[in-house]
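Q: the following block contains a protein sequence and its predicted model.
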Amino acid sequence: MNRPLIAALILAFSPLTALAQVTEDPAEKQQRVDIYQDRRIIVEPDPEEKKDKKDGEATARPPSMKLLLRQGPDRIYHVDFVQLMDDPSLTSFWARERNRDWAIWLGTGVVGVPTGTLLFLQNFRGEGSLAPFTQTGRAQAANASDLRGYALSVIGAGVALYGAYNLGLWFAETLDIFHPDRLDPAAIEPRAREFNERLRERLNLDPEDIPSPPPPRPSPSPSRTPDPLEVDDEIDAPPPVGGPGSDPYGGEPIIMPTPLPVASPGAVPRELVPTPEPRPSIFKFYPGPAGYPVPSMRPDLDASPTPTPPAPVTPAPTVAPSGP
């Protein structure tokens, strides 16, 4: 019989191996699962990519569909995926595609920006070697207003802008700001599955020990933007009002008295309206020629009101008694 096979069977069914499997530390296993979750490669379609559906079922994924790559909860790009795989064929393919793009970007930028600028300026002004529709016998204003020269000036401006755009792409990728996708899904998915399988075996995990992929890490947000249309159901109590005395934090909030009901809307009950008392007169009264009091025209503010003098009494005539 095969001796290595016999040794493997003896080792598998030995009591020490069974005891080691029984006494495995759950915390140590959970730590290995966390490492796997943090380093695994997750390939998922771009949520912004439109999925074509037919008869209620999703069709097959197109070869040019954009994919999103994550290592655990963090987003990675194609260049990071190439470095993680460390595959010579994949690295050489990435280098060829990058060099081709850089040659196109640099070539159109270096040649297109000055050429397009000169073509625009000379045809816009109607003079120069790049303005073929100018005529020496015509005035410069007539050459500049030629429709053919105007069309060449527009073409020159477009060439200059396209070259500047390509130069911007090269600068952005060189400064690690722009990350173009140069890999097809057929080159990503098999390598990602193989990478995850090797990682699982290296961490000594069973397939049933692998949980679902972790969700992407949310972007940090310093503070939540308040929504002006959002209505809070809970009304906060008013803050305590401080005051002097032994209660520095104030007492209970002031409760406004409820107004009394009125008989009719807009009318105030007579009981709530105070009746003003009559004021004493500040004018002085003098007896007039006709016998009734007449007030003076200049009031005396410091003097108290003078009572009305009594009317003069006319004595009754005395009648002598008649004698015998």
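A: Here it is on my side, so go on.
Q: how many neighbouring residues does Gln135 have?
A: 10 (other CB atoms under 10 Å). Bear in mind the C-beta positions are built from the backbone N, C-alpha and C, glycine included.
Q: whoops, Pro45 was the one
A: Count around Pro45 with other CB under 10 Å applied: 13.
Q: what's the single longest helix in this structure?
A: Determined from DSSP state H, the single longest helix within the chain is helix 88-125.
Q: what's that helix packed up against?
A: helix 78-85, helix 140-144, helix 147-174, helix 185-202 (3 or more CB pairs under 8 Å, 6 or more residues apart in numbering; DSSP states H and E).
Q: tell me the pLDDT at Pro257?
A: As predicted, Pro257 sits at a pLDDT of 71.
Q: how near is it to Pro190?
A: Remark: distance between Pro257 and Pro190 (CB to CB, to the nearest Å) = 81 Å.
Q: mind checking which of those two has more residues around it?
A: It is Pro190, of Pro257 and Pro190, that has more neighbours when counted by other CB under 10 Å, with 10 against 5.
Q: quick one: contacts of stretch 167-184?
A: With contact meaning CB atoms under 8 Å, 6 or more residues apart in numbering, stretch 167-184 is reached by 63-64, 66-67, 77-79, 81-82, 90, 94, 97-98, 101-102, 105-106, 109-110, 113.
Q: any quick PyMOL command for the buried ones out of those?
A: Selection of the buried residues among the contacts of stretch 167-184 in PyMOL, burial being defined by 16 or more other CB atoms under 10 Å:
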select buried, resi 67+77+78+79+81+82+90+94+101+105+109+113
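Q: make CSV out of the helices and strands packed on helix 88-125 and add mean pLDDT and distance to Glu28.
A: Compiled in CSV, the helices and strands packed on helix 88-125 are given as follows (pLDDT from 0 to 100; distance: least, CB to CB, whole Å):
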stretch, mean pLDDT, distance to Glu28
helix 78-85, 92, 26
helix 140-144, 73, 81
helix 147-174, 92, 43
helix 185-202, 92, 15
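Q: who wins for proximity to Arg39 among those helices?
A: Among those, helix 185-202 comes nearest to Arg39, with 5.9 Å by CB to CB.
Q: which helices and strands does that closest one pack with?
A: Using 3+ CB pairs under 8 Å, 6+ apart as the test, helix 185-202 ends up in contact with helix 26-39, strand 41-45, strand 67-71, helix 78-85, helix 88-125.
Q: would a markdown table of the helices and strands packed on helix 88-125 with distance to Pro218 be doable?
A: As requested, those are exported to a markdown table (distance: least, CB to CB, whole Å):
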| stretch | distance to Pro218 |
| --- | --- |
| helix 78-85 | 20 |
| helix 140-144 | 57 |
| helix 147-174 | 25 |
| helix 185-202 | 23 |
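Q: closest to Gln122 out of those?
A: helix 147-174 (8.2 Å).
Q: so for the closest one, what gets flagged as buried?
A: 149, 152-153, 156-157, 159-160, 163, 166-167, 169-170, 173.
Q: using JSON lines, lay out the residues you listed together with distance to Gln37.
A: Shown next, in JSON lines, are the buried residues of helix 147-174 (distance: CB to CB, whole Å):
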{"residue": "Gly149", "distance to Gln37": "65"}
{"residue": "Leu152", "distance to Gln37": "60"}
{"residue": "Ser153", "distance to Gln37": "59"}
{"residue": "Gly156", "distance to Gln37": "56"}
{"residue": "Ala157", "distance to Gln37": "53"}
{"residue": "Val159", "distance to Gln37": "51"}
{"residue": "Ala160", "distance to Gln37": "50"}
{"residue": "Gly163", "distance to Gln37": "46"}
{"residue": "Asn166", "distance to Gln37": "40"}
{"residue": "Leu167", "distance to Gln37": "41"}
{"residue": "Leu169", "distance to Gln37": "35"}
{"residue": "Trp170", "distance to Gln37": "37"}
{"residue": "Glu173", "distance to Gln37": "31"}
